[in-house]
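>>> Next one to model:
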Amino acid sequence: MAPPLHARVSAALRDRIARGELPPGAALPSEARLCEEFGASRGTIRNALATLRHEGLIAGGQGKPPVVRDSALGQPFETLLSFTAWARRIGRTPGQRTLEIARRGASATVADALGIDEDTPVIELLRLRSLDGEPVLLERAAFVEPVGRLLFDFDPDAASIYASLAERGVDLHAARHTIDAIGADPEDAALLGTMPGAPLLRERRRTLSSDGVPLEYGDDRYRPDRVSFTIDNTRPAGFGHDLTVVEDAG
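A predicted model of the protein is given here:
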């Protein structure tokens, strides 16, 4: 089944931004021109632009023409391999152990990321991920309740959570990732087999539907002696850099 028209419009514009056809500071074509180009209604075009705005690719609105932001490009969710797929691609054996699935009120951080009120029920997941039996990643995720409820319908240790949710019709379309360093707290250290205060790589993730609706907030913590992040740079014709982030074994 072909993706909805607004998703195809946002994908086309995202590609133009990545290739440098729409460099930082450039104004996007008017809604009227986009309607004509894609044979779409204004509502469809506005939904597509809302997706790009949520991804941080464009700014403007409320009477101002949207322009390409100067910040680094957000990465489309489809291009980021799942941990399971990545591990198998490099010839390693992935493993996972679910430590908790619980329904609880959203913390202030989770509520802000998901655009909901604090204490609104969400489904939280805690999993320990491994490569060849060695712990490498502690995965914390909070899903909005309608999506998170589906986690109780299958075994999250048996298959990829994202793949299982997608099979159930969940529109996991795009994600914005923030990577930094953090010291291991006592729980992190015990589960990952390291010392309290040891440096960990932290990847915070906000996953959106193709309509730009937040569905998941993740806070994943990696042992940097076992997993690192590699950034491959390519220069689009005419302007700047396109950054693609992939995970690589350390």
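>>> can I assume Asp119 is in contact with Ala108?
No. Using Cβ atoms under 8 Å, Asp119 is not in contact with Ala108; the gap is 9.4 Å. To be clear about C-beta, it is placed using only N, CA and C from the backbone, and glycine gets the same treatment.
>>> Grab the most central residue of this protein for me.
Ala175 (2.3 Å; Cα atoms, centre = their mean).
>>> could you dump the strand or helix carrying that one to PDB, C-alpha only?
Element membership for Ala175 (DSSP states H and E) is strand 174-183. Taking C-alpha atoms only, strand 174-183 is exported to PDB below (Å, rounded to 0.1, in the frame of the first residue of the first chain):
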ATOM      1  CA  ALA A 174      10.300   9.600  11.800                       C
ATOM      2  CA  ALA A 175      12.600  10.100  14.700                       C
ATOM      3  CA  ARG A 176      14.900  12.900  16.000                       C
ATOM      4  CA  HIS A 177      18.000  11.700  17.900                       C
ATOM      5  CA  THR A 178      20.100  13.500  20.400                       C
ATOM      6  CA  ILE A 179      23.400  11.900  21.400                       C
ATOM      7  CA  ASP A 180      25.500  12.900  24.400                       C
ATOM      8  CA  ALA A 181      27.500  11.400  27.300                       C
ATOM      9  CA  ILE A 182      26.300  10.600  30.800                       C
ATOM     10  CA  GLY A 183      27.700   8.900  33.900                       C
END
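>>> After that strand, which helix or strand is next?
Next element after strand 174-183 (DSSP H and E): helix 186-192.
>>> what about that next one, average pLDDT?
Mean per-residue pLDDT for helix 186-192: 95.
>>> Likewise for stretch 167-178?
Here the average pLDDT along stretch 167-178 is 86.
>>> angle of the longest helix anywhere in the chain against strand 174-183?
Counting residues, the longest helix found in the chain (DSSP state H) is helix 5-19. For helix 5-19 against strand 174-183, the angle by axes from the mean of the first three to the mean of the last three Cα atoms, to 10 degrees is 60 degrees.
>>> Quick check: which ranges of the chain have low pLDDT?
For the chain, the stretches flagged by pLDDT under 70 are 1-2, 18, 55-56, 61-63, 70-82, 85-86, 89-91, 229-250.
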